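1. next input, structure requested:
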Amino acid sequence: MQLSRNFSLAELVKSQTAERKGIPNKPTDGQIEALVMLCENILQPVRDEFGSFIVSSGFRSPELCVAIGSKITSQHCCPDNLSAAADFEVAGYDNHDLCVWIQDNLVFDQLILECYNGEMNSGWVHCSYAFTDNRADVLTFDRNNGYRKGLIA
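-> Next up, the predicted model:
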């Protein structure tokens, strides 16, 4: 099932942990609708601007979230069927710069520069989209300082 021109449902539900542990990772129809909105408003525009990239984490069932140490309230779970999130990076492009582009060009709910240490291939981008009331919340996360407001290189 295609969610946008270049993204499929199979890509957004793929999880090595789910496969390894036999955890079902199947979204409901409402969660699929949230993933369509994420693809159309975040992932596809990034693909159109920067070319092909891989989503490292898209949809996660509650059981999968628990298995990886995340919370079932994570937007990766599409907990309210009204928002969805993905983690990704574009090969050969600095994740901080990618976040700046997203911040400047897209409507989003939350944008997090995660585990970035200033080097080109460090960390990843977490971005979510909500059907309504996108907060444009921008954060940086690292293991030493936790979550901080804004993009911190």
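2. residue ranges for the helices of this structure, please.
-> 9-13, 16-21, 29-38, 44-50, 62-68, 95-105 (DSSP state H).
3. ok now the shortest one, how far from the chain's centre?
-> Relative to its parent chain, helix 9-13 has a centroid offset of 12 Å by Cα atoms, centre = their mean, to the nearest Å.
4. same check, this time on the second one
-> Relative to the chain's own centre, helix 16-21 is displaced by 19 Å; criterion: Cα atoms, centre = their mean.
5. can I get the helices of the chain in JSON lines with distance to Asn134, mean neighbour count and mean pLDDT?
-> (Each C-beta comes from the backbone N, C-alpha and C, glycine too.) What follows is the helices of the chain, written out as JSON lines (distance: least, Cβ to Cβ, whole Å; neighbours: other Cβ atoms under 10 Å; pLDDT from 0 to 100):
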{"stretch": "helix 9-13", "distance to Asn134": "19", "mean neighbour count": "19", "mean pLDDT": "97"}
{"stretch": "helix 16-21", "distance to Asn134": "28", "mean neighbour count": "12", "mean pLDDT": "96"}
{"stretch": "helix 29-38", "distance to Asn134": "10", "mean neighbour count": "20", "mean pLDDT": "97"}
{"stretch": "helix 44-50", "distance to Asn134": "14", "mean neighbour count": "16", "mean pLDDT": "98"}
{"stretch": "helix 62-68", "distance to Asn134": "22", "mean neighbour count": "16", "mean pLDDT": "96"}
{"stretch": "helix 95-105", "distance to Asn134": "12", "mean neighbour count": "17", "mean pLDDT": "98"}
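6. residue at max distance from the center of this structure?
-> Gly22 (22.5 Å; Cα atoms, centre = their mean).
7. next one, pLDDT for it please.
-> Listed pLDDT for Gly22 reads 97.
8. same thing with Leu43?
-> For Leu43, the model assigns a pLDDT of 98.
9. tell me the bridge partners for Ser83.
-> Ser83 forms beta bridges with Ala130, as assigned by DSSP bridges.
10. could you do the one 5 residues further on as well?
-> On DSSP bridges, the residues paired with Phe88 through beta bridges are Val55, Val125.
11. what about it, neighbour count?
-> Here the count is done by other Cβ atoms under 10 Å, and Phe88 has 20 residues near it.
12. and it, how far from Gly118?
-> Between Phe88 and Gly118 the computed distance is 19 Å (Cβ to Cβ, to the nearest Å).
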